[in-house]
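In: build me a model from this:
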Amino acid sequence: MKSKKLEEGGSTGKAACLARNSNTKNIILKMSPDEVVYEQSTPILTSEGLYSTMKVVNVTEDTEVTCKAHFNNNTVKALPEKKAEEPVTRTSNRVCNSTETSAQGTKLERVNMLSMAVLGLRVLLAKSIAFNTLMSIKVFLF
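Out: Below is the predicted model:
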């Protein structure tokens, strides 16, 4: 994927190569321009148990970009590049806003209430065991 906007007054931009949902952690990305801007040191493990990695390089305006992924003695060439869409911002509706305070507050309040209920039941159990032990000792000794 190439960046839509070029840097100020220049003809250079950035191109990214993304490998998603791989079964193996041993993924190596190779791109035709060698001027690496960013490369992940190790692939990231996703929630599905698969691996993802990416690499970003600087490119000039009319540079042909190729991206290849090497893993398990296989080589996969990337699909044709696309122009980047508008940058995703925090206010965009395409981003999952999991830190919304209203939902988080309700969930946190429920967890606190359950924790306090469990603590109360433990204290009640400990008191009843102590009381029963004292009463048993009293019966057997006196």
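In: just checking, T53 touches T24?
Out: No - shown here, T53 and T24 do not form a contact pair, counting by CB atoms under 8 Å, at 10.8 Å. C-betas here are computed from N, CA, C, even on glycine.
In: more neighbours: the two, which one.
Out: More crowded of T53 and T24, by other CB atoms under 10 Å: T53, with 21 against 11.
In: tell me the contacts of the more buried one?
Out: 18-19, 22, 27, 29, 40, 42-44 (CB atoms under 8 Å, 6 or more residues apart in numbering).
In: now it: how far from T63?
Out: Distance from T53 to T63, counting by CB to CB, to the nearest Å: 22 Å.
In: likewise for A16?
Out: Noted for A16: a distance of 14 Å to T63, by CB to CB.
In: again with A78
Out: Separation of A78 from T63 (CB to CB): 15 Å.
In: how close does the residue nearest to L50 when sequence neighbours are not counted sit to G120?
Out: Residue nearest to L50 in three dimensions, not counting chain neighbours: N21, with 4.4 Å by CB to CB, 6 or more residues apart in numbering. Separation of N21 from G120 (CB to CB): 46 Å.
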